[in-house]
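Participant: coords below, sequence missing:
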């Protein structure tokens with residue numbers, strides 16, 4: 001049976017390991033008309049071994065699944081849904097390469113992006129840690145509150161800290177991050193008119209002392225993109 005610990009609790013005992021595991025994140029970013037699976041720390045983007053991106057999923061606005069092709073380059077991966085109407089795209093990265101000396105530690109980084117208004121999110125069962133906006137994030141707008149509910153294995157998760165602008169500032173604002181309540185709920189302020197990347201972290205230690213770090217990002221545009 002696994003015992004869950006919040007990252008704030010881990011700081012008391014395994015500060016160095018936790019900080020290293022969460023120092024880098026993974027998110028999905030639209031660039032040049034493509035969806036790029038990005039690894040980095042705040043605004044700093046780094047290359048990564050793309051064979052460690054082990055799965056990707058996409059869903060149409062009605063929640064029906066869409067197949068996703070993974071195109072691997074020398075520096076990062078591209079996610080290509082086979083249908084243009086994808087409303088949500090997800091990917092998972094095994095970040096073991098980041099700390100290969102920790103043979104007993106798992107470090108899984110997940111990312112998903114909301115691309116269309118009205119996207120269903122209740123069907124997302126592909127990743128264990130999910131940040132679910134309780135209203136349509138594409139309709140909130142910068143400067144306004146966005147209610148979030150965090151789930152782990154389908155159950156509301158209390159005490160999870162949520163970074164409101166991970167892409168902009170990385171983990172430097174971790175101490176001021178919102179924390180989910182007993183029902184897994186928290187509220188953050190939408191920071192950007194462009195891409196917003198929220199991030200949540202948890203850590204687990206099993207009965208054998210082996211650790212699993214889970215990191216999930218939720219990305220969306222603060223305002224609809226309009227061609228001039």
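Facilitator: Great, that's in hand. None of the values given here were measured: they were computed from a predicted structure.

Participant: neighbours of residue 207, just the number please.
Facilitator: 8 (other C-beta atoms under 10 Å). C-beta coordinates here come from the backbone N, C-alpha and C atoms, glycine included.

Participant: Could you do residue 73 as well?
Facilitator: 10.

Participant: In this structure it contacts residue 50, no?
Facilitator: Yes - Residue 73 lies in contact with residue 50 (C-beta atoms under 8 Å); the separation is 6.8 Å.

Participant: show me where pLDDT drops low in the chain?
Facilitator: 1-23, 98-104, 169-175, 224-228 (pLDDT under 70).

Participant: Tell me where it has helices.
Facilitator: 7-13, 15-22, 166-169 (DSSP state H).

Participant: about what we covered before: quickly list what's touching both of residue 73 and residue 50.
Facilitator: The overlap between the contact sets of residue 73 and residue 50 (C-beta atoms under 8 Å, 6 or more residues apart in numbering) is empty.

Participant: Quick one: residues contacting residue 109.
Facilitator: 24-26, 39, 92-93, 95, 215-217.

Participant: Beta-bridge partners for it, please?
Facilitator: In this entry, residue 109 is beta-bridged to residue 93, residue 215, by DSSP bridges.

Participant: For it, give its distance to residue 166.
Facilitator: 11 Å (C-beta to C-beta, to the nearest Å).

Participant: Check what contacts stretch 176-190 and list those residues.
Facilitator: In contact with stretch 176-190 (C-beta under 8 Å, 6+ apart) are residues 8, 134, 137, 140-151, 155-164, 196, 198, 222.

Participant: Let me see the contact set for the most centrally placed residue in the chain.
Facilitator: For the chain, residue 217 is the residue whose C-alpha lies nearest the centre (C-alpha atoms, centre = their mean; 1.5 Å). Contacts for residue 217 were tallied using C-beta under 8 Å, 6+ apart; they are 25-28, 109-112, 131, 166, 197-200.

Participant: right, and the pair among these with maximum separation?
Facilitator: Distances among those were taken as C-beta to C-beta; the most separated pair is 28 and 200, at 15.1 Å.

Participant: and the two? which has more neighbours close in?
Facilitator: Neighbour count, other C-beta under 10 Å: between residue 28 and residue 200, residue 200 has more, with 27 against 24.

Participant: Tell me if I'm right that the more buried one and residue 164 touch.
Facilitator: No - counting by C-beta under 8 Å, residue 200 stays clear of residue 164, with 10.8 Å between them.

Participant: returning to what we had before: can you redo the contacts of residue 109 as TSV with distance to residue 206?
Facilitator: Converted to TSV, those look like this (distance: C-beta to C-beta, whole Å):
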residue	distance to residue 206
24	23
25	24
26	23
39	26
92	20
93	21
95	19
215	18
216	20
217	25
